[in-house]
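> Here is my input, please return the structure:
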Amino acid sequence: MLFYHMSNFIISARKYRPINFNDVVGQKIITNTLEEAIKNNKLAQALLFTGPRGVGKTSCARIVAREINNFEINDDNTYNIFELDAASNNGVEGIRNLIEQTRIPPQTGKYKVYIIDEVHMLSSGAFNAFLKTLEEPPAHCIFILATTEKHKIIPTILSRCQIYNFKRISVNDMVEHLKNICTLEKIKFEDDALLQIANKSDGAMRDALQLFDKVVGVNKEITSKLVHESLNTLDFESFVNLFNHITKKDIPNLITNINEILDNGISGDIFISSFSMFFRDLLVCKNKLSQNLATHDKIRLDKLIELSEKSEYSYLIEYINILNDAEINFQRSINQRLLIELAFLKITSLEYNEEKKKFKYKLISTLSFKDQVFNDISKKKEVQKKQIPVANIEIENFKTSTLSLKSIEKNKELDDVNTTPEEVFSNEKLIDIEDVLELWNEYTEEQEKKGRYNIASILRISKPTLKDNCIYYEVSNNTSSLEIESEKHQLIQFFRSRLKVKIELQININKSIDKKVAYTNQDKYELLKKKNPSIENLKNIFKLSV
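Residues are numbered from 1 along each chain as shown. As a prediction, this is how the structure comes out:
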């Protein structure tokens, strides 16, 4: 039979818990104040320690309890120091029992110290039962209340306590403390690895020590690579690569890299949050006064400063805003990966509109992409079109495209009609209006079959006219004119490919052709009566109403 024995391993958060004020990390002002108050015998009898988790509130409370009684570290002080967890003893009965105990003086030492952790969890009845004792405690009692949520404590309790606000521990203080532990434990380390652990801990020393234990394990060396693998985080180079794809508007590689990162096990919400912090670091690096807020080593800080020069303040703020919205909506999203991809598509296609003074999303031409999935299709075309390449990228057989499905479909239509090069079009041959009307109706019906009912209805507003191989078409308003203008290129190419003639199209606005639309039943009836007057007799015979 196998027997498993518990190891003697003690987690670092317990092993290196502060035992005196000098050991407390990152709370120098508070520890100095408490030390002076104890030394001069001016310590209040009700103290409230408030601040984030893992910053030393309970540790300082225990140190205060030992110092005021002059206890040694190894002394048995269980008769003088009482710790109460308000989360599990939050009722009136628990507080009444505590009050009963306060009447008994200490057996050793000068003071009995009551440490109530997570005091905000007490019920309103318990708070009220505690009020009088907290205001006028016995001379031999000191109460130390600790909480992470000061706003939940009623004002009458706050007014009876001397409040000490503990702050988050700075990254530099954490790194120095971790270095000291590495020295004591004889562990080799990379500065960047400890920096990543500190950044991940969000100002909590306890969290930093727990992450430290997780990374170290059985290893006696801490490297940046080991930290990334153990904590499931992204390395700095990945952020830089993604940022470069964004600045180049290289969406195919951007989306591919994002999916590779997510496939490697990086949690989507962590990915969004981490990239938000990367943009935040770029933002603070744009100004020398705020560069110290980016907690990175010298090499990475220089790289961040270099990258920050490639983006404007307004864009970086909008990037962070987009990712913040994505992070808020992440948990309730059914397709979380698509949410991430959409957020980065927004970031990449972002453009500032000077006229309206706001941001908009501009569709990106695929000519700016390095690799095109459409190239294999276009190579099958016999005729090649000349295009001016963007960013010195050689791409043939391409007009324009965007990432939307509609635009990709539209480009396919362009390829279908653009099979005849302009050089073969004749400028001398004149065409007949009958041919134009026939092809116009054919094109209109074609669009209707494709489900493009809006453009089909606009193409039926009036009949086109012809003069010197130029088609003139009248519409009733600006909206219809803009719709036809967006369709103009396809129309011209359609006519040229079918008639083998260089033909033009001109759109004019004629408000007089605006047809009255029958909205109400009466309008519809009047329209029917105009077409067939005998309908009025039918209505009268059967005594019908509209």
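
> where does this protein have low pLDDT?
1-8, 73-79, 218, 353-357, 360-428, 513-520, 523, 546 (pLDDT under 70).

> So which residues of it form strands?
46-50, 81-85, 112-117, 141-147, 162-165, 188-189, 221-222, 350-353, 358-361, 465-467, 470-475, 504-509 (DSSP state E).

> any chance of these in JSON lines, with distance to Asp297 too?
In this view, the C-beta of every residue, glycine as well, is placed from N, C-alpha and C. Shown next, in JSON lines, are the strands of the chain (distance: least, C-beta to C-beta, whole Å):
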{"stretch": "strand 46-50", "distance to Asp297": "33"}
{"stretch": "strand 81-85", "distance to Asp297": "40"}
{"stretch": "strand 112-117", "distance to Asp297": "37"}
{"stretch": "strand 141-147", "distance to Asp297": "35"}
{"stretch": "strand 162-165", "distance to Asp297": "30"}
{"stretch": "strand 188-189", "distance to Asp297": "13"}
{"stretch": "strand 221-222", "distance to Asp297": "15"}
{"stretch": "strand 350-353", "distance to Asp297": "30"}
{"stretch": "strand 358-361", "distance to Asp297": "33"}
{"stretch": "strand 465-467", "distance to Asp297": "73"}
{"stretch": "strand 470-475", "distance to Asp297": "64"}
{"stretch": "strand 504-509", "distance to Asp297": "61"}
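
> for these, which one sits closest to Leu283?
When those are compared by C-beta to C-beta, strand 350-353 sits nearest Leu283, at 15.1 Å.

> partners of that closest one, with directions?
strand 358-361 (antiparallel) (DSSP bridges).

> before we move on, back to that, would you mind telling me which of the strands of the chain is nearest Trp440?
strand 470-475 (8.0 Å).

> which residues touch that closest one?
436, 458, 461-462, 464-466, 481, 484, 495, 503-510, 513 (C-beta atoms under 8 Å, 6 or more residues apart in numbering).

> Walk me through the domains of the chain.
12-165, 171-231, 236-361, 367-419, 424-513, 516-546 (automatic domain parsing).

> Can you give the distance of the shortest one from its chain's centre?
With C-alpha atoms, centre = their mean, to the nearest Å as the basis, the distance from the averaged C-alpha position of domain 516-546 to the chain average is 59 Å.

> Quick check: buried residues in that domain?
For domain 516-546, burial by neighbour count (16 or more other C-beta atoms under 10 Å) applies to Tyr525.

> repeat for stretch 109-122
109, 111-122.

> Could you tell me which of the contacts of strand 470-475 count as buried?
Of those, these count as buried by 16+ other C-beta under 10 Å: Val436, Ile458, Ile461, Ser462, Pro464, Leu466, Ser481, Ile484, Phe495, Ile503, Leu505, Ile507.

> Sitting in helices, which of these do you find?
Val436, Ile458, Ser481, Ile484, Phe495 (DSSP state H).

> Return the member of the buried residues of stretch 109-122 nearest to Ile153.
Checking these against Ile153 by C-beta to C-beta gives His120 as the nearest, at 5.3 Å.

> For that closest one, which non-adjacent residue is closest in space?
Once flanking residues are discounted, His120 sits nearest to Lys152: 3.9 Å by C-beta to C-beta, 6 or more residues apart in numbering.

> The one you found and Asn128: what is the separation?
15 Å (C-beta to C-beta, to the nearest Å).

> Show me which of the two is the more surrounded one.
The neighbour comparison of Lys152 against Asn128 (other C-beta atoms under 10 Å) goes to Asn128, with 15 against 11.

> Angles on the backbone of Ser159, please.
Backbone torsions of Ser159, given as degrees, to the nearest 10, read phi -70, psi -20.

> in terms of contact, does Thr31 touch Asp23 like I think?
No: in this structure Thr31 lies outside contact range of Asp23 using C-beta atoms under 8 Å: 9.2 Å.

> Among those two, which residue is more densely surrounded?
Thr31 (22 against 14).

> do you know how far that one is from Val24?
For Thr31 relative to Val24 (C-beta to C-beta), the value is 5 Å.

> same deal with Asn244?
43 Å.

> Neighbours of the closest residue to Tyr352 other than its chain neighbours, how many?
The spatial neighbour of Tyr352 that comes closest, neighbours along the chain excluded (C-beta to C-beta, 6+ apart), is Phe359 at 5.6 Å. Phe359 is flanked by 17 other residues according to other C-beta under 10 Å.

> For the spatially most central residue of the chain, give me its contacts.
For the chain, the residue nearest the mean C-alpha position is Leu323 (2.2 Å; C-alpha atoms, centre = their mean). Listed by C-beta under 8 Å, 6+ apart, the contact set of Leu323 reads Ile272, Phe275, Ser276, Phe279, Ala343, Ile347.

> Which of those ranks first by neighbour count?
In those, the most neighbours by other C-beta under 10 Å go to Phe275, 26 neighbours.

> do you know how far that residue is from Ala146?
Distance from Phe275 to Ala146, by C-beta to C-beta: 35 Å.

> Could you do Ile157 as well?
As judged by C-beta to C-beta, Ile157 and Ala146 stand 13 Å apart.

> about what we covered before: let me know which of the strands of the chain is the nearest to Asn521.
Nearest of the strands of the chain to Asn521, taken as C-beta to C-beta: strand 470-475 at 28.5 Å.

> What residues of the closest one count as buried?
Ile471, Tyr473, Glu474, Val475.

> ok, now stretch 230-250?
230, 233-234, 236, 238-240, 242-243, 245-246, 249-250.

> Quick check: Val175 touching Asp192?
No: if you go by C-beta under 8 Å, Val175 and Asp192 don't touch, sitting 10.0 Å apart.

> These two - which one has more neighbours?
Val175 (21 against 17).

> do you know how far that one is from Asp302?
Taking C-beta to C-beta, one finds Val175 at 19 Å from Asp302.

> what's the answer for Ser333, then?
Distance, Ser333 to Asp302, using C-beta to C-beta: 37 Å.

> same deal with Pro155?
For Pro155, the distance to Asp302 - C-beta to C-beta - is 50 Å.

> Please identify which of these two sits among more neighbours.
Asp302 (12 against 7).

> What are the boundaries of the helices in the stretch 51-200 of the chain?
Counting by DSSP state H, counting those that start in this stretch, the stretch 51-200 of the chain has helices at residues 57-69, 92-102, 124-135, 155-158, 171-185, 191-200.

> Show me which parts of the second one are buried, residue by residue.
Pointing back at helix 92-102 there. Buried, per 16+ other C-beta under 10 Å, within helix 92-102: Val92, Gly94, Ile95, Leu98, Ile99, Thr102.

> Centre of the chain to stretch 342-355, how far?
14 Å.

> Just the buried residues of it, please?
Buried-residue list, stretch 342-355, by 16+ other C-beta under 10 Å: Ala343, Phe344, Leu345, Lys346, Ile347, Thr348, Ser349, Leu350.

> The first one - nearest residue in space that isn't next to it in sequence?
Okay, so that is Ala343. Ala326 (4.0 Å).

> Tell me who's in contact with that neighbour.
Counting by C-beta under 8 Å, 6+ apart, Ala326 has contacts Ile272, Leu339, Ile340, Leu342, Ala343.

> what two of the residues you listed are the furthest from one another?
Ile272 and Leu342 (11.6 Å).

> re earlier: which one of the contacts of Leu323 is nearest to Lys39?
Nearest to Lys39 among those, with distances taken as C-beta to C-beta, is Ser276, at 45.7 Å.

> I'd say that closest one and Ile320 touch.
Yes: here Ser276 reaches Ile320: they are 5.6 Å apart, a contact under C-beta under 8 Å.

> Show me which residues of stretch 277-287 are buried.
Buried, per 16+ other C-beta under 10 Å, within stretch 277-287: Met277, Phe278, Phe279, Arg280, Asp281, Leu282, Leu283, Val284, Cys285, Lys286.

> hmm, who's touching that stretch?
239, 243, 290-291, 293-294, 296, 301, 304-305, 307-309, 311, 313, 316-317, 319-320, 323.

> Output it as CSV, nothing but the C-alphas.
As requested, the backbone C-alpha atoms of stretch 277-287 are provided in CSV (Å, rounded to 0.1, in the frame of the first residue of the first chain):
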residue,chain,number,x,y,z
MET,A,277,-2.5,47.9,-21.6
PHE,A,278,0.0,47.8,-24.5
PHE,A,279,-1.9,50.8,-26.2
ARG,A,280,-2.0,52.5,-22.8
ASP,A,281,1.8,52.1,-22.5
LEU,A,282,2.1,53.6,-26.0
LEU,A,283,-0.1,56.5,-24.9
VAL,A,284,1.9,57.4,-21.8
CYS,A,285,5.2,57.0,-23.7
LYS,A,286,4.3,59.9,-26.0
ASN,A,287,5.2,62.3,-23.2
